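Undergrad: structure, please.
(one chain, ligands or ions: 1)
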Amino acid sequence: MANPKRRHSNTRSRLRRAHDHLVLRSMSQCPQCNAFILPHRVCTACGFYKGKLVKTIKAKSKENE
Ligand SMILES: [Zn+2]
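TA: Numbering: from 1, shown residues only. Got it, this is the predicted structure:
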């Protein structure tokens, strides 16, 4: 069985893991309600896409108006 010849130093492991972190998704703002939304997707807060109402959202649509 292949085994590592030498033990990794703590620094070597930590240098590798220095790049292991979560990255925030890029968000854009809805021109209709200014909520942060994923780009190229229908706004989950007001249901608008490209200035048109595509989907009616039940409870939260009353808060915007
Ligand atoms: Zn919106």
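Undergrad: which bits of this protein sit near the ion?
TA: Taking C-beta under 5 Å from the ion as the contact definition, the chain meets the ion at 30, 32, 33, 35, 43, 45, 46. (C-beta placed from N, C-alpha, C; glycine too.)
Undergrad: OK, contacts around the nearest residue in space to the last one that is not next to it in sequence?
TA: For residue 46, ignoring the flanking residues on the chain, the nearest one in space by C-beta to C-beta, 6 or more residues apart in numbering is residue 33 at 4.4 Å. Neighbouring residues of residue 33 by C-beta atoms under 8 Å, 6 or more residues apart in numbering: 43, 45, 46, 48, 64.
Undergrad: just the pLDDT for residue 33.
TA: Looking at residue 33, its pLDDT stands at 90.
Undergrad: how about the one 3 residues further on?
TA: For residue 36, the model assigns a pLDDT of 91.
Undergrad: try residue 4
TA: At residue 4, the model reports a pLDDT of 93.
Undergrad: now residue 23: how far from residue 31?
TA: Relative to residue 31, residue 23 is positioned 25 Å away (C-beta to C-beta, to the nearest Å).
Undergrad: residue 13 now?
TA: Following C-beta to C-beta, the distance that separates residue 13 from residue 31 is 46 Å.
Undergrad: now the residue nearest to the spatial centre of the chain, nearest residue through space, not along the chain?
TA: Nearest to the mean C-alpha position of the chain, counting by C-alpha atoms, centre = their mean, stands residue 25 at 3.1 Å. Excluding the flanking residues, the one nearest residue 25 by C-beta to C-beta, 6+ apart is residue 38, at 6.8 Å.
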